[in-house]
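A.B. asks: model this:
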Amino acid sequence: MTSKVYVALRVKAPPERAFAAFVGEIGAWWRPNGLFQTTPRAPGVLAFEPGEGGRLTETLASGKVFEIGRITAWGPPARLVFSWRQANFPPDLQTEVEVRFEPVGEETRVSVEHRGFDRVPAGSAARHGFPDQALLMRLAEWWRMLLTSYGERAA
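C.D. replies: Predicted structure coming up:
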């Protein structure tokens, strides 16, 4: 099984702005998805703590904070890698998201590779009963929707 999805788009912004919008404004452009929930409750607001080792968190309206992942590579304005954990993942399981920001003329090509879903056990609730290809297709569709929202914000 290919355990990753890859999605890319161009935004009308230089890499510095594109990176800053992805990291610093994720709470404004992020759109929750019922299949890939990060908390067991109603969605909250996502935020990154900048720098390697910084957390990706979701803060609920109640003030409760869930850690979704940690930044494992911090290379502004070109690259960001972070771990990713969904609410319905088995204990100690996480996947990885790599985001690249490449200048293309006056724009930036932003690419997202989300990998590691082969580690999610076949019977896990995180798979929602989908076979591998269908699960990855749904994940890719969601990342396309997220990047569209992000691209509007970054421009």
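A.B. asks: quick one, what contacts residue 110?
C.D. replies: Applying Cβ atoms under 8 Å, 6 or more residues apart in numbering, we find residue 110 in contact with 8-11, 18, 22, 99-101, 147, 150-151, 154. Glycine gets a C-beta too; all of them are placed from N, C-alpha and C.
A.B. asks: in TSV: the residues you listed, plus secondary structure.
C.D. replies: Below are these laid out as TSV (DSSP: H, G, I helix; E, B strand; the rest coil):
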residue	secondary structure
8	strand
9	strand
10	strand
11	strand
18	helix
22	helix
99	strand
100	strand
101	strand
147	helix
150	helix
151	helix
154	helix
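A.B. asks: the nearest residue to residue 116 once chain neighbours are set aside pairs with what?
C.D. replies: Computed as Cβ to Cβ, 6 or more residues apart in numbering, the closest residue to residue 116 that is not its neighbour in sequence is residue 95, at 3.5 Å. Taking DSSP bridges, one finds residue 84 as the beta-bridge partners of residue 95.
A.B. asks: now, among the contacts of residue 110, which is nearest to residue 28?
C.D. replies: Closest approach to residue 28 among the contacts of residue 110 (Cβ to Cβ): residue 150, at 9.2 Å.
A.B. asks: related to what we said a few turns ago, for residue 69, see how far away the residue nearest to residue 116 is.
C.D. replies: Note on residue 95: its distance to residue 69, by Cβ to Cβ, to the nearest Å, is 9 Å.
A.B. asks: farthest residue from the center of the chain?
C.D. replies: Within the chain, residue 105 marks the point farthest from the mean C-alpha position, 25.5 Å out by Cα atoms, centre = their mean.
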